[in-house]
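Trainee: Have a look at this fold, sequence not included:
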DNA sequence: TCAGAAATTCAACAAGTGTTGAATGCTCGA
DNA sequence: TCGAGCATTCAACACTTGTTGAATTTCTGA
């Protein structure tokens, strides 16, 4: 059961898109098992492929992880989404559109992969930090405060806690809430971090 | 360099407290490297002990992890701390005392160990969830709302995000803030989750 | 003083790891 | 139709891992 043992040696007939299959399998396993426990052999088995093929396409295991974490975040749509609201609704708008985005399976998976891998890998941890920063940056772009970076950091702390609770810890009450529910519940807290005085 | 190679075989002379040394070394390595990468041999080396001694004291590696995560949380002092404030200050009080507690090295370490291990281990993840729940429970004990469990969950989400940002992601702006700063910044958000209408 | 219990190390095992180099089959352009 | 290049597998290497059983030393209580 190791790799693609048994399959005929050499190139397979017909059109194949094995590279993509490998990436998909790796994403799933990294997200589900973390970096260490997702072995090359297990990934290869899930992709129905020999482990050596992974090396051939992606190089070392860490390179494969890096390739998995590369996800087109498309923040442009987020910017316009948020800026179509008046400033006093930025908090709710951010929560709503971010949760909607994160709820998409490929983003949930990406978040879990970054977290599970980032737990043991500094590079992945920094990437998680960076992704969070980017996701939030559009909402704080209008701030000219002298405390704007602190405001951004507080927004990040609330949003990363939300992600943590909803996708990693899976706290039932948080999981049960719809994006809209979360927006009305959490939005004002964000709003206060953005514009409030304290 | 494997274990305590070179040290004389057999019982060491004098009083020893090797068991505690092992636990300490294991805590540090689990927190720093996560479960998988903190090998028995590495833990043994740090405790200047043979790997077999760990097995002798704690059993399997997972048992060792469980022993490491067992930490006397002493929530009693927290209860009295929070209840000594009027209800309208519960938010700030919770943030203040919880951050002060978590800032103590052994608790920071424990949190990181649960997170890094919990990333790959369901049992540790549940324990992290449980710890968070307990930490917050005292603040929501007075609630008789029909949404009290949801309120508690939202408080958890903000607090776990705070912990994440301060101890794991190490976001500079959050790290730089004192417990008091955080209490005045984050407290009102908690307060709103506790008593607010939405 | 002596026996038993406790503490500690050693050497080894079986299984699993990432990675490599060579071999084989397929496809496509000249 | 042939040959170059790509896709794919195989077998192996050199390590690392958690765990075990036996050997050795020290301590403790009678």
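Mentor: Received the coordinates, thanks. Everything quoted here is computed from the prediction, not taken from an experiment.

Trainee: Isn't residue A:109 up against residue A:29?
Mentor: No - between residue A:109 and residue A:29 there is no contact under CB atoms under 8 Å: 10.4 Å. Every residue, glycine included, has its C-beta placed from N, CA and C.

Trainee: Looking at these two, which one has more neighbours?
Mentor: Per other CB atoms under 10 Å in any protein chain shown, whichever of residue A:109 and residue A:29 has more neighbours is residue A:29, with 22 against 19.

Trainee: How about the contacts made by the residue lying closest to the more buried one once chain neighbours are set aside?
Mentor: Nearest non-adjacent residue to residue A:29, counting by CB to CB, 6 or more residues apart in numbering or on different chains: residue A:38, 3.9 Å away. Residue A:38 is in contact with A:26, A:29, A:30, A:32, counting by CB atoms under 8 Å, 6 or more residues apart in numbering or on different chains.

Trainee: how much space between the third one and residue A:65?
Mentor: Residue A:30 sits at a distance of 6 Å from residue A:65 (criterion: CB to CB, to the nearest Å).

Trainee: Between the two, which contacts overlap?
Mentor: In contact with both residue A:30 and residue A:65: A:113, A:117, using CB under 8 Å, 6+ apart.

Trainee: and the residue nearest to residue A:150 when sequence neighbours are not counted, how far is that from residue A:131?
Mentor: Closest residue in space to residue A:150, ignoring its immediate chain neighbours: residue B:173 at 4.8 Å, by CB to CB, 6+ apart. Separation of residue B:173 from residue A:131 (CB to CB) stands at 17 Å.

Trainee: what's the answer for residue A:137, then?
Mentor: Relative to residue A:131, and taking CB to CB, residue A:137 is found at 11 Å.

Trainee: can you map out the helices along chain A?
Mentor: A:18-37, A:40-46, A:51-58, A:61-69, A:76-83, A:90-103, A:105-118, A:122-140, A:148-163, A:172-176, A:179-195 (DSSP state H).

Trainee: which one of the ones you listed is the most hemmed in?
Mentor: helix A:148-163 (a mean of 24; mean count of other CB atoms under 10 Å in any protein chain shown).

Trainee: Just name whatever secondary elements that one is in contact with.
Mentor: helix A:90-103, helix A:122-140, helix A:179-195, helix B:148-163, helix B:172-176, helix B:179-195 (3 or more CB pairs under 8 Å, 6 or more residues apart in numbering or on different chains; DSSP states H and E).

Trainee: 10 Å instead?
Mentor: If contacts are counted by 3 or more CB pairs under 10 Å, 6 or more residues apart in numbering or on different chains; DSSP states H and E, helix A:148-163 sits against helix A:90-103, helix A:105-118, helix A:122-140, helix A:172-176, helix A:179-195, helix B:148-163, helix B:172-176, helix B:179-195.

Trainee: how far is the fourth one from where the chain is centred?
Mentor: In this case it means helix A:172-176. 19 Å (CA atoms, centre = their mean, to the nearest Å).

Trainee: Just the residues contacting it, thanks.
Mentor: A:161-167, A:169, A:181-182, A:185-186, B:147, B:149-154, B:156-157 (CB atoms under 10 Å, 6 or more residues apart in numbering or on different chains).

Trainee: Of all residues in chain A, which one is closest to chain B?
Mentor: residue A:161 (1.9 Å; CB to the nearest CB).

Trainee: for that residue, what are its contacts?
Mentor: A:169, A:174, A:186, B:132, B:154-165.

Trainee: go on, residue A:71?
Mentor: Contacts of residue A:71 by CB under 10 Å, 6+ apart are A:27, A:106, A:107, A:109, A:110, A:111, A:113, A:114, A:131.

Trainee: Pipe these into a markdown table and attach pLDDT per row.
Mentor: Shown next, in a markdown table, are these (pLDDT from 0 to 100):
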| residue | pLDDT |
| --- | --- |
| A:27 | 94 |
| A:106 | 87 |
| A:107 | 90 |
| A:109 | 91 |
| A:110 | 90 |
| A:111 | 92 |
| A:113 | 91 |
| A:114 | 91 |
| A:131 | 89 |
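
Trainee: give me the subset of those touching DNA strand D.
Mentor: When contact is defined as CB under 7 Å from any atom of the strand, the contacts of residue A:71 do not meet DNA strand D at all.

Trainee: Let me know the closest of those to residue B:193.
Mentor: residue A:111 (22.9 Å; CB to CB).

Trainee: wait, isn't that closest one in contact with residue A:168?
Mentor: Yes - with contact defined as CB atoms under 10 Å, residue A:111 counts as touching residue A:168 (7.9 Å).

Trainee: domains for chain A, by residue range?
Mentor: A:18-69, A:76-195 (automatic domain parsing).

Trainee: among these, which is nearest residue B:90?
Mentor: Among the domains of chain A, domain A:76-195 sits nearest to residue B:90 (CB to CB), with 15.6 Å.

Trainee: re earlier: which of the contacts of residue A:71 are the two that sit furthest away from each other?
Mentor: Taking CB to CB, no two of these sit farther apart than A:27 and A:131, at 14.9 Å.

Trainee: about what we covered before: so for the residue nearest to residue A:150, what pLDDT did the model give?
Mentor: Turning to residue B:173, the model gives it a pLDDT of 96.
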